[in-house]
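Novice: Everything below, folded, please.
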Amino acid sequence: MELQKMGEEMGTERLNGTIPDSDKAAVLEDGYEEEERMMAEKEEFLPHIASKKLSQFTDFEGKTSFGMSVFNLSNAIMGSGILGLAYAMSNTGIVLFVVLLISIALLSSYSIHLLLKCAGVVGIRAYEQLGFRAFGHSGKVIAAVIISMHNIGAMSSYLFIVKSELPLVIQTFLGLNENTNEWYMNGNVLIIIVSVCVILPLAMMKHLGYLGYTSGLSLTCMCFFLVSVIYKKFQIPCPLNETHHESSWVYDNGHNITTEEGVCTPAVLTVNSKTAYAIPILAFAFVCHPEVLPIYTELKRASKHRMQNVANVSILAMFVMYLLTAIFGYLTFYGTVEAEMLHTYVKGDRLMLCVRLAVLLAVILTVPVVLFPIRRAIQQLLFHKKDFSWLRHVIIAICLLIIVNLLVIFVPNIKDIFGFIGATSAPSLIFILPSIFYIRIVPNEKESLLSRSKIQAACFAALGFVFMVMSLSFIIADWVTTGKSSLGGH
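Specialist: Numbers count the residues shown, from 1 in each chain. Next comes the predicted model:
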């Protein structure tokens, strides 16, 4: 009875809100442990972030696996530039090409390291918001504009490939005459159909992680391209007797006739007037930085170390693919390889037609991945404090695709325009912005301005300015030369 009475008294005290001191201590201890556990989970998710800041950069927990993230980032790295790597090697030589490719891959990995370190310090995983933390609203606007310019240029270049290559593939497979005026031979019509039927549905996905499967398919197509290039190296004789017919090699019964000595000897080191053009091509081969932070946001069990591993695996995979493509493409045609390697193969080759189709599919599936950072930049600029809206999400995607399609259809010299944009945006995204963000965002108390890390970042930014000036100089010189030749031609 005594025990029963004591139990009833304790129950009454709990109901009245008065808890004995011993119970209070237990409750406080349990609450403290629970709070510590929650803080530890948040620290593991993103280091050095207060709980109230967590909702500022994401409203969901990342669900994209490591493998899918690698597929997406690899797909973002790989562009149509892979078709020009053999040409770049022919103008640099094997040794210089390998040295440049290794250097650019390491520099790109270091640049991503700077971005992730900035994100870890301030708890922000959006390129535009890093710009805001570094330089205020002007930094945010500059980052968003550069990302949009660069990715619109990339999307336009991909759709230009579709516009020029898809009619040729259809014509060859159907055995049609070149002068056929059917609607399905019109490149402008084809890019609209591809944009509406393939790109737009993929661009409507809410999260970038969902595109991991299409990115995997895109990379599979490029692997088929690489295997075919390697196979053709052992099937095509060295084209010493060269005759061009519609950008294709013609052989005498499949056998070459040697008319010039030394043509089939690989160059170890080459320096000529076109060598300087190869350096920007290689420098921009690993541009993926606008996609890094969105992929980081959606990564499962996200941490700086885990995302850096995603970047390193992606860069290594693309490095191997780039190197093999360049070596086997170059050793097939040597100094006679064209700027777009597929044009060097015989036009009627069925295998290479399948390769063209695979490259077209890979390019088409890359466009939605490139579109996501532009839409994110627009949302960060104009709708940062607003909740997610499906209507706004879809309208931005439709508007971007309309703009890109109009550019590809109506601007005849879009290659020069976006060559200029690429020469300014790519060095900014790879070298300049990550470096200056790092210098501004990382507190001086943690790393002084004279620390080795910040001095390295400053040198990295200076290297970016050198690349920018060099690339712009080449483009302007090419414009002047082309202008003179055009005047002479007319």
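Novice: Please export the alpha-carbon coordinates of stretch 329-341; CSV is fine.
Specialist: Extracted in CSV, the C-alpha atoms of stretch 329-341 (Å, rounded to 0.1, in the frame of the first residue of the first chain):
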residue,chain,number,x,y,z
GLY,A,329,42.5,8.3,-83.5
TYR,A,330,45.8,9.9,-84.1
LEU,A,331,47.6,6.6,-84.9
THR,A,332,44.9,5.8,-87.4
PHE,A,333,45.3,9.0,-89.5
TYR,A,334,48.4,10.7,-88.1
GLY,A,335,48.8,14.2,-89.3
THR,A,336,45.9,13.9,-91.8
VAL,A,337,43.2,13.6,-89.1
GLU,A,338,40.5,16.3,-89.3
ALA,A,339,39.3,18.7,-86.6
GLU,A,340,36.2,16.5,-86.2
MET,A,341,37.6,13.0,-86.3
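Novice: where does that stretch sit relative to the chain's centre, distance-wise?
Specialist: On the basis of CA atoms, centre = their mean, to the nearest Å, stretch 329-341 sits 25 Å off its chain's mean C-alpha point.
Novice: One more: stretch 319-334?
Specialist: Relative to the chain's own centre, stretch 319-334 is displaced by 21 Å; criterion: CA atoms, centre = their mean.
Novice: go on, stretch 391-403?
Specialist: Relative to the centre of its chain, stretch 391-403 is centred 20 Å away, using CA atoms, centre = their mean.
Novice: could you give the mean pLDDT of it?
Specialist: Stretch 391-403 comes out with an average pLDDT of 92.
Novice: Just the CA coordinates for it, please, in PDB.
Specialist: This file holds the C-alpha atoms of stretch 391-403, laid out as PDB (Å, rounded to 0.1, in the frame of the first residue of the first chain):
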ATOM      1  CA  LEU A 391       5.000  25.500 -63.100                       C
ATOM      2  CA  ARG A 392       8.000  27.700 -62.700                       C
ATOM      3  CA  HIS A 393      10.300  24.700 -63.100                       C
ATOM      4  CA  VAL A 394       8.800  23.700 -66.400                       C
ATOM      5  CA  ILE A 395       8.400  27.200 -67.800                       C
ATOM      6  CA  ILE A 396      12.100  28.000 -67.300                       C
ATOM      7  CA  ALA A 397      13.100  24.700 -69.100                       C
ATOM      8  CA  ILE A 398      10.800  25.500 -72.000                       C
ATOM      9  CA  CYS A 399      12.100  29.100 -72.300                       C
ATOM     10  CA  LEU A 400      15.700  27.900 -72.200                       C
ATOM     11  CA  LEU A 401      15.100  25.300 -74.900                       C
ATOM     12  CA  ILE A 402      13.300  27.900 -77.100                       C
ATOM     13  CA  ILE A 403      16.200  30.400 -76.800                       C
END
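Novice: got the buried residues for that stretch?
Specialist: Arg392, Ile396, Ala397, Leu400, Leu401 (16 or more other CB atoms under 10 Å). Any C-beta I mention is one placed from the backbone N, CA and C, and that applies to glycine too.
Novice: How about stretch 77-96?
Specialist: Buried residues in stretch 77-96 (16+ other CB under 10 Å): 77-94, 96.
Novice: How about stretch 457-468?
Specialist: Neighbour-count burial for stretch 457-468 flags Ala457, Phe460, Ala461, Leu463, Gly464, Phe467, Met468 (criterion: 16+ other CB under 10 Å).
Novice: again, but for stretch 295-314
Specialist: Quick answer for stretch 295-314 (16+ other CB under 10 Å): 295-299, 302-304, 306-308, 310-311, 313-314.
Novice: Could you do stretch 321-337 as well?
Specialist: For stretch 321-337, by 16+ other CB under 10 Å, it's 321-323, 325-337.
Novice: so which of these comes closest to Leu114?
Specialist: Tyr322 (22.6 Å; CB to CB).
Novice: packing partners for whichever helix or strand the closest one is part of?
Specialist: According to DSSP states H and E, Tyr322 maps onto helix 304-333. The helices and strands touching helix 304-333, judged by 3 or more CB pairs under 8 Å, 6 or more residues apart in numbering; DSSP states H and E, are helix 66-77, helix 85-90, helix 94-122, helix 212-233, helix 289-297.
Novice: make it 7 Å
Specialist: helix 66-77, helix 85-90, helix 94-122, helix 212-233 (3 or more CB pairs under 7 Å, 6 or more residues apart in numbering; DSSP states H and E).
Novice: Figure out which of these is closest to Gln379.
Specialist: Nearest to Gln379, of all the helices and strands packed on helix 304-333, is helix 94-122, at 17.9 Å by CB to CB.
Novice: pLDDT on the closest one, on average?
Specialist: Mean predicted lDDT for helix 94-122 stands at 89.
Novice: Centre of the chain to it, how far?
Specialist: How far helix 94-122 lies from its chain's middle: 13 Å, per CA atoms, centre = their mean.
Novice: Could you do stretch 373-387 as well?
Specialist: On CA atoms, centre = their mean, the centre of stretch 373-387 falls 19 Å from that of its chain.
Novice: same question, stretch 169-189
Specialist: On CA atoms, centre = their mean, the centre of stretch 169-189 falls 32 Å from that of its chain.
Novice: farthest-separated two in the buried residues of stretch 391-403?
Specialist: Arg392 and Leu401 (15.2 Å).
Novice: quick check: mean pLDDT across stretch 429-438?
Specialist: Averaged across stretch 429-438, pLDDT comes to 90.
Novice: I meant to write stretch 365-376 there.
Specialist: 87.
Novice: Return the most buried member of the helices and strands packed on helix 304-333.
Specialist: Here the criterion is mean neighbour count by mean count of other CB atoms under 10 Å, and of those the winner is helix 85-90, at a mean of 26.
Novice: Check which helices and strands it sits against.
Specialist: Packed against helix 85-90 by the contact rule (3+ CB pairs under 7 Å, 6+ apart) you find helix 275-283, helix 304-333.
Novice: Those helices: lowest mean pLDDT?
Specialist: helix 275-283 (a mean of 72).
Novice: hmm, which helix or strand of this protein has the shakiest average pLDDT?
Specialist: helix 21-45 (a mean of 44; mean pLDDT, DSSP states H and E).
Novice: From what I see, Leu202 and Leu211 are in contact.
Specialist: Yes: between Leu202 and Leu211 there is a contact under CB atoms under 7 Å: 6.3 Å.
Novice: and those two? which has more neighbours close in?
Specialist: Leu211 (24 against 18; other CB atoms under 10 Å).
Novice: Who are the contact partners of that one?
Specialist: Contacts of Leu211 were listed using CB atoms under 7 Å, 6 or more residues apart in numbering, and they are Asn72, Leu202, Met205, Pro368, Val369.
Novice: For Tyr110, state which of the residues you listed is nearest.
Specialist: Once CB to CB is applied, the member of these that ends up nearest Tyr110 is Asn72, at 20.9 Å.
Novice: if I look at the closest one, how far off is Thr64?
Specialist: The gap separating Asn72 from Thr64 is 8 Å, by CB to CB, to the nearest Å.
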